[in-house]
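> just to be clear, the model below is a prediction. Sequence and coordinates:
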Amino acid sequence: MAIVEAKNIKKTYLQGKVKVEALRGVNLMVDKAEFVALAGPSGSGKTTLLNIIGGLDLPDSGNVIVGNNDFAKMNPSGLASLRLHKIGFVFQAFNLIPVLSAIENVEYVMLLQGVPKTERYDRAKAILDDVGLEKKYDRRPAELSGGQQQRVAIARAIVSGPAIVLADEPTANLDSKTGEGLVLMMEKMNKEKNVTFIFSTHDNMVMEYARRLVTIKDGLIVNDEKKN
Amino acid sequence: MYAILAWRNIWRNPRRTIVILLAVIIGVWSMIFLGSLMRGMETQMVRNSISTLTGSIQIHHRDYRNDPVVENSMDDIDNLDKALSTSLGQGGALWAKRIRVNAVASNARHSGGVILVGIEPEKEAKISFIGKAVTSGRYLKSEDKNKIIVGRAFLKKFNTKIGNKLILMSQDTKKEIASKAFRIVGIFSAESESVEKQFIFVPISQADGMLKMGDKISEVSIILPRLDITGKEETRIARKLKAAISNDTYHVETWQQLLPMINAYLEMSGFFLYIWYFVVFVAMGFGIVNTTLMAIFERMREFGLMKALGMKPFQVIKGVVTETFFLLVIGITVGNILGFLSVAAIARNGIDLSALAAGVEMWGIPRKLYPEIWAQDVAVAGLVVLVLGLLVSLYPAFKAARFTPTQAMRKY
């Protein structure tokens, strides 16, 4: 049973006075617990597709269903609620709130969900331990390395038990060793927590770890390969 | 955690926060301080006017104020005494009877119009300025015969001195010219030079004898233990007195009715004070909006992130408004403290306005101004800044809430 169904997605942007067709009819089905990489050059439409799957943007035409929630039937408030409870996000940069510590950043999503204070703290602590940041609870983002910040972002994305985690080029600003460590962490979370991961990348090293590689070019999926 | 986040956010740019805080602090301080000067002036104006013979309440014959002649006197003294005792006896109010008529004073060098005031010296000393105003010679006694006290400016005008004679002339109850010679025993000083020139005081028995009043009086002046600048207490007691007197020919009037210009000034001044508050706030409000907008545009990506995580627009608005709330509370608190401290610093010695005294004495404005903080002004200043401050912060808050996550993260 697919946890993500994107059917015939089209999206056009206006860049100044120029129309840019970011997606030209994309079809994608993702099953639960898949570890999917969206690969492609810059401007291919990877980020646009992730944004649409995550409910951050709406397609001009086509349909998206995530965990039985049909986006076409939802208003912005409903989409916000869906993102809060069902979808985790890891962005390329500016992932964390700078004035909150690592543990507070992880707690933040649970705060929005209305989780009680003690439960928030315990769960945040546990997930930070899982991602190897047991001694960094009270550090602010400025006191963490790039890789550590992304780990906190992953911890925040997973702590609320989402159906899917969307990561937009999570290793783009990291060196190769740190980037590899991050992907391994994501893979670990995928296997241990059974969370579906869909991440975009143009890093070959990262693509190696994906169990399914979807290649996008000029707004269309040109290849969809499942690896053993 | 919303409060923690808001608190930390306002200190992300300490310099900018301090600048806007200073604007709020100075604004609130100016509201409190200038308000206290205005209220101090109002209170002292009223006090000066009341103590310069007006009193809190006066009782007259109904025609006396339009025509202050001896014919318009009160003769039902027993009824008056009874009404005063029953209505005012327990409350700490004090009163005194007077004869007050226009007269002509003359000596060898000068003559001029004056207001002759016949007083009960011991009672009058407790209700008006005259008891403490004698600066040379001595005050009057009830048993004094042919003794008079005059103002310093009068003395200068008439080129006379203590011990010299003064002739007073007026019309008596038999419509004959009455005249009597008095000897000056004391000189008084007043806030206003015109009071010193206008009023002369003799024992009531002497005025009664000269004018053949036969125990009639011109007025009763009453002073209440506490001044109510709104006049509500005076009005209440005046009504009570009127009912107790039950004589339609006698009017009971409060200081507000007796001093309509001062009353009108007080009403206007309260209005102007609140206009000042509004003007200060408008200036401050631009700073609040500007600073909040800057802070929001700097953090637009962060707002995009928060909305991507599932934060709803009203939560974004709540966050921004909470930040403004903290700023305003700090600004109002420190502004109030500075206001109280600056008022305390000048409360003992006041501000010397004697350079302006000649121009403003007709209003009863004192030569030394002592500030007075009113609780309602502090509350209104705080509320104006807080409520309007939160309202103006809604504009940048709505701006932050309006952007979609992708717009915010892409644009900024």
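That came through, no problem. These figures come from a predicted structure and were not determined experimentally. Numbers count the residues shown, from 1 in each chain, chains lettered A, B, ... in the order given.

> which parts of chain A are strands?
A:2-15, A:18-31, A:35-39, A:61-66, A:69-70, A:87-90, A:164-168, A:196-201, A:212-217, A:220-226 (DSSP state E).

> buried stuff in the first one?
By neighbour count on 16 or more other C-beta atoms under 10 Å in any protein chain shown, the buried set for strand A:2-15 is A:3, A:4, A:5, A:6, A:9, A:10, A:11. Heads up, the C-betas are built off the backbone N, CA and C, glycines and all.

> so what secondary structure elements neighbour that strand?
strand A:18-31, helix A:46-53, strand A:61-66, strand A:196-201 (3 or more C-beta pairs under 8 Å, 6 or more residues apart in numbering or on different chains; DSSP states H and E).

> again with the fourth one
The elements that strand A:61-66 packs onto, with contact taken as 3+ C-beta pairs under 8 Å, 6+ apart, are strand A:2-15, helix A:46-53.

> of those, which is nearest residue B:381?
Comparison of the helices and strands packed on strand A:61-66 against residue B:381 by C-beta to C-beta identifies helix A:46-53 as nearest, at 48.3 Å.

> what's around the residue of the stretch 301-412 of chain B found nearest chain A, how many residues?
Using C-beta to the nearest C-beta, the single residue of the stretch 301-412 of chain B nearest to chain A is residue B:310, 2.5 Å away. The number of residues packed near residue B:310 is 24, by other C-beta atoms under 10 Å in any protein chain shown.

> list the contacts of it.
By C-beta atoms under 8 Å, 6 or more residues apart in numbering or on different chains, residue B:310 lies in contact with A:80, A:81, A:82, A:83, A:84, A:85, A:109, A:112, A:113.

> what about the second one, distance to chain B?
For residue A:81, the distance to chain B under the criterion C-beta to the nearest C-beta, to the nearest Å works out to 7 Å.

> so what's the residue count around that residue?
When neighbours are counted by other C-beta under 10 Å, residue A:81 registers 18.

> go on, the first one?
Counted with other C-beta under 10 Å, the neighbours of residue A:80 add up to 23.

> can you pull the contacts of the closest residue to residue B:148 other than its chain neighbours?
Of all residues not flanking residue B:148 in the chain, residue B:182 sits nearest, at 3.7 Å (C-beta to C-beta, 6 or more residues apart in numbering or on different chains). Contact partners of residue B:182, counting by C-beta under 8 Å, 6+ apart, are B:146, B:147, B:148, B:165, B:166, B:167, B:168, B:202, B:206.

> same question for residue B:54.
Residues in contact with residue B:54 (C-beta under 8 Å, 6+ apart) are B:221, B:255, B:258, B:259.

> tell me the secondary structure for the first one?
When the structure is reduced to helix, strand and coil (DSSP: H, G, I helix; E, B strand; the rest coil), residue B:221 reads as strand.

> for chain A, which residue gets nearest to chain B?
residue A:84 (2.5 Å).

> next one: the spatially closest residue to that residue that is not a sequence neighbour relative to residue A:166, how far apart?
Distances taken as C-beta to C-beta, 6+ apart place residue B:310 nearest to residue A:84, at 2.5 Å, with adjacent residues excluded. Applying C-beta to C-beta, to the nearest Å, the value for residue B:310 to residue A:166 is 13 Å.

> got it, and residue A:71?
Taken as C-beta to C-beta, the span from residue A:71 to residue A:166 is 14 Å.

> which of the two has more residues huddled nearby?
residue A:166 (29 against 19).

> list the contacts for that one?
For residue A:166, the contact set (C-beta under 8 Å, 6+ apart) comprises A:50, A:53, A:54, A:87, A:88, A:89, A:90, A:198, A:199.

> how about 10 Å then?
A:4, A:38, A:49-51, A:53-56, A:66, A:83, A:87-91, A:157, A:196-200, B:308 (C-beta atoms under 10 Å, 6 or more residues apart in numbering or on different chains).

> same question for residue B:79.
Residues counted as contacts of residue B:79 (C-beta under 10 Å, 6+ apart) are B:244, B:245, B:246, B:247, B:250.

> ok, 8 Å please
B:245, B:247.

> gap between it and residue B:114?
31 Å.
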